[in-house]
Every structure is written in C-alpha cells, then in structure tokens.
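> Sharing a model prediction with you, sequence too.
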Amino acid sequence: MGYNYPPNFPQPSRARVKSAELRARQKLVQAKEDARQGADLSGDLKNYAITVFLVFAEEAFKLGRAGIWTVDLIDAQARQFLADRLWAENLDRFGRRIGEFFDSRSAELKREAVHKFEASREWQVYNDGLIAVSDAQATGAIRNSDGQPEWMKKVPNESSPVRTGYRQQILDWMKAEEIPTVELAARRLGVSKSTLKSIMSEKGKPRYGQERLQTVLRKIGHQVG
C-alpha cells in the first residue's frame, strides 16, 4: 500500500518527493543487499524514511504558507507519510521485519519509535519549519481576499450539519486499497480509529468536525458537495 496524496498536493511537489524517495531507496536497497541475515538495518531504514519525510515536509510547508493547508493538517499528513514510508520498506531481503518500529498487533508506529524520531536533529529541522508556518497562520500573515486569515475560510460554522454513515464508501475504499482493518485504514487517513468508526456510523454523536470529514472523504475519492 502506498501513501495517498490529498488532491490539492501539487504534481510538481509530488514529483520532487518521488525523486527524493527513489534516490534514498537506492541506498536502502543496496544496504539490504549487502547485509547478512539477521543484520540490524534499522539505522538504514530510519535514514531513508527521514530523508524523504523532510522533502515531503518542505512541500507541505509551501501549502501552509499559501494558506491551503492548516498547520494541523501539515503535521498529520507528514506523520502519516513517515509511517507509510517505514511500513513500505520494513522488510529485509530475507523477508524479516527491520527493527522495532511497529506494534505487531495494531501495525501502528510504536510510541518509543516516534519519540526517537522526534529527538533527532532532522526532526528539529521539521519542527522549526512547522513553527514558522504556525506563527504565520496564527498572526494572520496569510490572508484571503476578504482580509481574513486564509485558513478561516476552511473552518466550518459550528451549526453546520454533519452527515454520518459513510460506512459503505469507506469499506469500498478499503477493499480497493487492500486495507484489511479499520486500524490500518485510520492510519492511512491520518485520523484516530474512534474518529473513523464515528464517520462510518449512523448512530451516536459525531466525533469529528466538518473539515475533518471532508478531508477523509476526499482521500477516499468520495465526491463532497
């Protein structure tokens, strides 16, 4: 399975990320080929993932500075992208898992693995960029033609109706993408398991806002009005 770019992630940005991914993957593949059975390739996998992650983040920051992505969306998508790259290359040439990045039951990144990434020098570069975008959006430096902060036009009115019950649409997407569980589907979509279950359900109080719902529906290819 591969990361699904949101529709508004530009093609030139996708091409730049792909180029970085291909270059970084060449080094990782060579490391896998050179390694003996049982060798620890976790450092090689981490270097591959963080290298591509930073390029993705740079392109996401451009969307943030343009007022297209909120800072929360940037962070959620970046983390999802990182997890996806680790998952995609998490086998050595003998078919064994590399390192201890994922929980064997939920297939989610372990908390300690996330903490190690967040303690790295590369993550500090990412964090600095995220702070810069956050400051720009918080101070209203990014404004639309109405003179409002650009991200505000994406914030729904609290009284806006929220439709629930997208179970079949999400199940159809999971089948097409060969995603076996709701947990994995939630990770791919950048939401929690409980949020995705709420979106799929027709009962109970929605555990999401209109913006989050529309983001999920766009990712699964469902037309939203």
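That came through fine.
> Alpha carbons only: can I get the helix or strand of the chain with the lowest mean pLDDT in PDB?
Ranking every helix and strand in the chain by mean pLDDT, DSSP states H and E puts helix 210-219 at the bottom, with a mean of 81. Written as PDB, here are the backbone C-alpha positions of helix 210-219 (Å, rounded to 0.1, in the frame of the first residue of the first chain):
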ATOM      1  CA  GLN A 210     -17.000  19.100   9.000                       C
ATOM      2  CA  GLU A 211     -13.400  19.900   7.900                       C
ATOM      3  CA  ARG A 212     -12.100  16.500   9.100                       C
ATOM      4  CA  LEU A 213     -15.000  14.700   7.500                       C
ATOM      5  CA  GLN A 214     -14.400  16.400   4.100                       C
ATOM      6  CA  THR A 215     -10.700  15.600   4.300                       C
ATOM      7  CA  VAL A 216     -11.400  11.900   4.800                       C
ATOM      8  CA  LEU A 217     -14.000  11.800   2.100                       C
ATOM      9  CA  ARG A 218     -11.600  13.500  -0.400                       C
ATOM     10  CA  LYS A 219      -8.900  10.900   0.500                       C
END
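> Could you check how far that helix is from the centre of its chain?
14 Å (C-alpha atoms, centre = their mean, to the nearest Å).
> What residues of it count as buried?
Gln210, Glu211, Arg212, Leu213, Gln214, Thr215, Val216, Leu217, Lys219 (16 or more other C-beta atoms under 10 Å). Where you see a C-beta, it was placed from the backbone N, CA and C, and this is true even at glycine.
> what residues go with each domain of the chain?
11-142, 167-219 (automatic domain parsing).
> Now render the ones you listed as CSV, adding distance to Tyr5.
Shown next, in CSV, are the domains of the chain (distance: least, C-beta to C-beta, whole Å):
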stretch, distance to Tyr5
domain 11-142, 6
domain 167-219, 9
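> what's the closest of those domains to Tyr3?
Smallest distance to Tyr3 across those (C-beta to C-beta): 4.2 Å, for domain 11-142.
> Now the phi/psi pair for the residue lying farthest from the centre of the chain, please.
In the chain, the residue that sits farthest from the middle, by C-alpha atoms, centre = their mean, is Arg36; the gap is 32.3 Å. When read as degrees, to the nearest 10, the backbone of Arg36 gives phi -80, psi 160.
> and what of the one 3 residues further on?
As for Ala39, its main-chain torsions (degrees, to the nearest 10) stand at phi -70, psi 150.
> what sits against it?
Applying C-beta atoms under 8 Å, 6 or more residues apart in numbering to Ala39 gives the contacts Asp92.
> Same check on Ile98?
Leu41, Ser42, Leu45, Glu89, Asn90, Leu91, Asp92.
> Check the gap between it and Ala31 for me.
Per C-beta to C-beta, to the nearest Å, Ile98 is found 10 Å from Ala31.
> Show me the common contact partners of those two, please.
Leu41.
> hang on, Asp72 in a helix?
Yes - the assignment for Asp72 is a helix, going by DSSP: H, G, I helix; E, B strand; the rest coil.
> Tell me how many other residues crowd it.
13 (other C-beta atoms under 10 Å).
> now Ala119
The burial count for Ala119: 9, using other C-beta under 10 Å.
> before we move on, what about His222?
14.
> Check the secondary structure at it for me.
coil.
> ok, the buried residues of helix 210-219 vs Gln26, which is closest?
For these, the nearest to Gln26 is Lys219 (29.1 Å; C-beta to C-beta).
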